[in-house]
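Chemist: Please work out how this folds:
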Amino acid sequence: MSEKIAEVIKGSRKIVIKIGSNTLALPDGTQNTEFMASFAAQCAELIKQGKQIILVSSGAQVAGVSTTKEWARKKDVHYRQALCSIGQVELMHQWRKAFQKQGLHIGQLLLTKDDFKNEHRSLNIRNTLFTLVDEGVVPIINENDSVSFDEIKIGDNDNLSALTAILWSADLLILFSDIDGVYSDNPKTNPDAKLVDEVTSIPELRKEIKIGDTNAFGTGGMETKLQAAEKVTAYGIHMLLANGSKDEVLMKLADGSSNGTIFLAE
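Modeler: Next up, the predicted model:
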């Protein structure tokens, strides 16, 4: 039981949830539409409880591979960006279908680093998010990978979700990945690795754990998750890292029956 996680979720009204590519992808690299349908139902339940939800969804490239399989092995940057362009449409189509079953509309925002740096644009993003959420629409955010290049690229959706949470003045950021939380070492290679339940000092945590590499489909690893935690906790926003592939994970975290790592805000 993780009573602290349940307590934080209960006390949070404005929640940003980031879903990583590994959570959205089946082992063959195609979209996990069954997960998307289940997750939309869980979001709908939280919204009924008075929560407000913003979703940061990876998976445009995964969706592009699902749609245009013959491009899957092309590494040229123009093909990768074109694949994201195709995949973003399919990704939003699947999210729209998933939320439509719950009687909810979705809205799309594709952002770059410049959008957060520019005062006028960031104010417009904030106002759009508030309007969508106030009207019961679920905003779904992704990086604009079809036009991004290194100078304007955030590069990973862990940090994108953190910037979104700060801009929206969220209470809680939830990062769903393919691991249960922060471990003392890589649990996939070290069976003695211990799950860290609660973090109050990220500098201390960095001294105690080993940080591994990026996973197969995602652009982030543990490092980008710690960067996201550093960003949001400095603004008084809690962050939760948990395994998105578990059944009914959102509901189980909310009732304290699933574990993860909670980063408590300063």
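
Chemist: Need the pLDDT of Phe106.
Modeler: For residue 106 the amino acid is Ile, not Phe. Note for Ile106: predicted pLDDT of 98.

Chemist: Over to Gly218?
Modeler: 40.

Chemist: can you pull out the helices in the stretch 101-250 of the chain?
Modeler: 113-117, 119-134, 157-168, 202-208, 222-233, 249-254 (DSSP state H, counting those that start in this stretch).

Chemist: What residues of the first one count as buried?
Modeler: Spelled out, it's helix 113-117. Applying a neighbour-count criterion of 16 or more other C-beta atoms under 10 Å, one finds 113, 115-116 buried in helix 113-117. Backbone N, C-alpha and C define where each C-beta goes, glycine included.

Chemist: next one: the fourth one
Modeler: Judged by neighbour count using 16+ other C-beta under 10 Å, the buried positions of helix 202-208 are 202, 205.

Chemist: Over to the longest one?
Modeler: Across helix 119-134, burial judged by 16+ other C-beta under 10 Å covers 122, 125, 129, 132-133.

Chemist: okay, the helices of the stretch 101-250 of the chain in TSV with mean pLDDT next?
Modeler: Output for the helices of the stretch 101-250 of the chain, formatted as TSV (pLDDT from 0 to 100):
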stretch	mean pLDDT
helix 113-117	90
helix 119-134	96
helix 157-168	95
helix 202-208	90
helix 222-233	94
helix 249-254	96
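
Chemist: Same list, those helices, but as CSV with distance to Leu195 please.
Modeler: Listed next are the helices of the stretch 101-250 of the chain as CSV, based on distance: least, C-beta to C-beta, whole Å:
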stretch, distance to Leu195
helix 113-117, 32
helix 119-134, 32
helix 157-168, 19
helix 202-208, 12
helix 222-233, 13
helix 249-254, 14
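
Chemist: Relative to Lys10, which of the ones you listed is closest?
Modeler: helix 249-254 (7.3 Å; C-beta to C-beta).

Chemist: what's the following helix or strand past the closest one in contact with?
Modeler: Using DSSP states H and E, the helix or strand that directly follows helix 249-254 along the chain is strand 261-263. Here strand 261-263 makes contact (C-beta atoms under 8 Å, 6 or more residues apart in numbering) with 2, 4-5, 8, 180-182, 195-199, 202, 229, 232-233, 238-242.

Chemist: out of those, which are buried?
Modeler: Applying 16+ other C-beta under 10 Å to those flags 2, 4-5, 8, 180-182, 196, 199, 202, 229, 232-233, 238-242 as buried.
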